[in-house]
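Asks: Show me the folded form of this:
(one chain, ligands or ions: 2)
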Amino acid sequence: MILILKPNIDVDSREFKRIETHLINYPKIEMRVHHVQGAEQTLTEVYLIGHTAELSLDEMRSFPGVEHVVRVSEEYRILGRHKNDSRPAGFSYQGIEFSQDSLNIFAGLCAVDSPGSVEAMMRALKDNGQVCTRMGAYKPRTSPYSFQGHGANCLPYVFELAGKYGIKVIAMEVTHESHIEEINDALNATGRPTGVMLQIGTRNTQNFELLKNAGRQQEFPVLLKRGFGITLDESLHAAEYLASEGNQKVIFALRGMKTNIGDPHRNMVDFAHVPVVKRLTRMPVCIDPSHSVGSRHRSSDGILDVMHVTAQGVIAGANMILVDFHPDPSVALVDGPQALRLEELPMFLEDVRICREAYERRIANAAK
Ligand code: PEP
Ligand code: MN
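Replies: Numbering: from 1, shown residues only. Ligands and ions are numbered 1, 2, ... in the order given. Predicted coordinates for the structure are as follows:
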């Protein structure tokens with residue numbers, strides 16, 4: 001059960017103490033308090049875990065500090081959608097809306113290789129009206145002998161250049177909790193010119209200690225990739241780890257599943273699950289066409305496979321696109337074969353706009 005408290009009620013208020021005193025009578029119910037930062041105010045939510053069947057909805061609703069009560073089903077308690085659940089499906093960060101209604105594009109480098117590539121990428125984004133990007137500093141690689149990313153060393157110039165080109169949010173993978181601290185330190189050292197969305201990659205979807213650490217901090221939103229070899233349910237439970245530690249600013253990314261049935265794509269594209277995740281949870285849903293397809297193959301119609309699958313995700317209501325670009329894919333240190341070129345950015349954005357418009361027309365059509 002979730003108690004959503006009235007906006008002005010916090011844990012020090014008399015109204016809160018009354019709820020707390022009442023719950024002492026139910027020793028099998030554990031209480032967890034979460035603060036949810038909205039655009040204008042911080043809401044306090046109280047999650048009641050355990051034998052909540054013993055509680056009456058009407059009684060809990062009658063407490064003066066309580067605005068709304070949601071009885072949750074067992075699945076995805078915090079991030080899930082439940083009956084009569086009016087909690088928002090999204091959040092805002094750096095003045096940008098991330099919700100199940102919005103669409104944000106994160107085109108950028110799979111891996112930061114040089115200040116020159118970062119600057120060329122960010123200049124192209126600015127020229128095309130984009131304020132978000134992806135920049136990998138910590139790269140999980142199959143072989144220990146492959147380039148592992150420049151790590152903390154590249155953060156100062158990445159953040160400074162982001163400030164220079166008006167980039168507001170950078171999606172950046174972390175593979176260890178210490179990376180969160182390094183990112184925070186580098187942001188402080190550079191005067192916080194940009195924001196960061198922590199990315200947890202498909203190899204770490206069930207790294208529960210990393211999830212707990214990313215969940216304990218509430219400043220940075222988290223982009224959680226679906227695990228490439230586990231069920232959707234298992235990946236959604238992984239997202240719940242972030243929320244159960246206190247961070248509800250979570251976006252769920254589909255990036256394809258590992259199986260040779262998907263050949264010749266790098267992974268089996270799973271973007272049919274965009275509306276499924278939106279139905280089951282309140283998380284905005286991201287698609288990663290680059291890691292799904294893994295190549296620059298082009299269909300007989302002249303359209304790249306990466307763009308075809310992007311279209312499939314967007315027309316089904318995706319809320320974010322994470323896509324690899326590079327000024328010169330032939331020299332990229334990671335995933336060059338799947339990167340789009342900077343000259344292709346305007347065409348890519350136009351293709352996305354066409355698909356988004358078609359999605360909006362589909363919604364209007366369904367509402368007739
Ligand atoms: C990435 O986005 O750079 C990445 C490594 O993705 P994934 O975790 O989906 O393989
Ligand atoms: Mn990659």
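Asks: What parts of the stretch 1-150 of the chain come near ligand 2?
Replies: Taking CB under 5 Å from the ion as the contact definition, the stretch 1-150 of the chain meets ligand 2 at Cys110. Using the backbone N, CA and C atoms, a C-beta is placed for each residue, glycine as well.
Asks: which residues in the stretch 1-150 of the chain form strands?
Replies: With DSSP state E, counting those that start in this stretch as the criterion, the stretch 1-150 of the chain has strands at 2-5, 29-37, 42-50, 66-70, 90-93, 96-99, 104-108, 132-134.
Asks: Within range of ligand 1, give me the residues from the stretch 101-250 of the chain.
Replies: Cys110, Gly136, Glu173, Gly201, Thr202, Arg203, Lys225 (CB under 6 Å from any ligand atom).
Asks: Can you say which of these are buried?
Replies: Among those, those classed as buried by 16 or more other CB atoms under 10 Å are Cys110, Gly136, Glu173, Gly201, Thr202, Arg203, Lys225.
Asks: Could you list which residues are in contact with the residue lying closest to Gln218 once chain neighbours are set aside?
Replies: Once flanking residues are discounted, Gln218 sits nearest to Asn247: 5.2 Å by CB to CB, 6 or more residues apart in numbering. Shown in contact with Asn247 (CB atoms under 8 Å, 6 or more residues apart in numbering): Ala214, Gly215, Arg216, Gln217, Gln218, Pro221, Val222.
Asks: Secondary structure for these - can I get that in a markdown table?
Replies: Below are these laid out as a markdown table (DSSP: H, G, I helix; E, B strand; the rest coil):
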| residue | secondary structure |
| --- | --- |
| Ala214 | helix |
| Gly215 | helix |
| Arg216 | helix |
| Gln217 | coil |
| Gln218 | coil |
| Pro221 | coil |
| Val222 | strand |
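Asks: and of those residues, the nearest to ligand 1?
Replies: Val222 (13.1 Å; CB to the nearest ligand atom).
Asks: Ramachandran angles for Phe252?
Replies: As for Phe252, its main-chain torsions (degrees, to the nearest 10) stand at phi -110, psi 130.
Asks: before we move on, what about Pro7?
Replies: According to degrees, to the nearest 10, Pro7 has phi -50, psi -30.
Asks: Point out the most buried one among the strands of the stretch 1-150 of the chain.
Replies: strand 132-134 (a mean of 27; mean count of other CB atoms under 10 Å).
Asks: coming back round to it: so which of the buried ones among the residues of the stretch 101-250 of the chain next to ligand 1 are in strands?
Replies: Counting by DSSP state E, these place Glu173, Lys225 in strands.
Asks: mind giving me a markdown table with the buried ones among the residues of the stretch 101-250 of the chain next to ligand 1 and columns for pLDDT?
Replies: Shown next, in a markdown table, are these (pLDDT from 0 to 100):
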| residue | pLDDT |
| --- | --- |
| Cys110 | 98 |
| Gly136 | 98 |
| Glu173 | 98 |
| Gly201 | 98 |
| Thr202 | 98 |
| Arg203 | 98 |
| Lys225 | 98 |
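Asks: Distance check, Gly65 against Ile29.
Replies: For Gly65, the distance to Ile29 equals 17 Å [CB to CB, to the nearest Å].
Asks: let me fix that: Glu219
Replies: 30 Å.
Asks: Isn't Gln248 up against Gln37?
Replies: No: counting by CB atoms under 8 Å, Gln248 stays clear of Gln37, with 9.1 Å between them.
Asks: joint contacts of these two?
Replies: What both Gln248 and Gln37 touch, as defined by CB under 8 Å, 6+ apart, is the set Phe91.
Asks: Does the residue sitting nearest the centre point of the chain lie in a helix or a strand, and which?
Replies: In the chain, the C-alpha nearest the mean C-alpha coordinate belongs to Ile251, at 2.4 Å (CA atoms, centre = their mean). Element membership for Ile251 (DSSP states H and E) is strand 250-254.
Asks: so what's the closest residue in space to Gly256 that isn't next to it in sequence up against?
Replies: Excluding its sequence neighbours, the residue lying closest to Gly256 (CB to CB, 6+ apart) is Asn267, at 2.7 Å. By CB under 8 Å, 6+ apart, the contact list for Asn267 reads Phe228, Arg255, Gly256, Met257, Lys258, Thr259, His291, Ser292, Val293, Gly294.
Asks: so what's the backbone phi/psi at the fifth one?
Replies: The reference is to Lys258. According to degrees, to the nearest 10, Lys258 has phi -80, psi 110.
Asks: isn't it right up against Phe228?
Replies: Yes: with contacts defined as CB under 8 Å, Lys258 counts as touching Phe228 at a distance of 4.2 Å.
Asks: More neighbours: which of the two?
Replies: Phe228 (19 against 12; other CB atoms under 10 Å).
Asks: Need the three-state assignment for the more buried one.
Replies: coil.
Asks: before we move on, what about Gln206?
Replies: coil.
Asks: That one: what's it in contact with?
Replies: So Gln206 contacts Gly227, Ile230, Glu234, Ala238 (CB under 8 Å, 6+ apart).
Asks: What residue, apart from its backbone neighbours, is nearest the first one spatially?
Replies: What it means is Gly227. Thr205 (3.5 Å).
Asks: Measure how buried the one you found is and give me the count.
Replies: 24.
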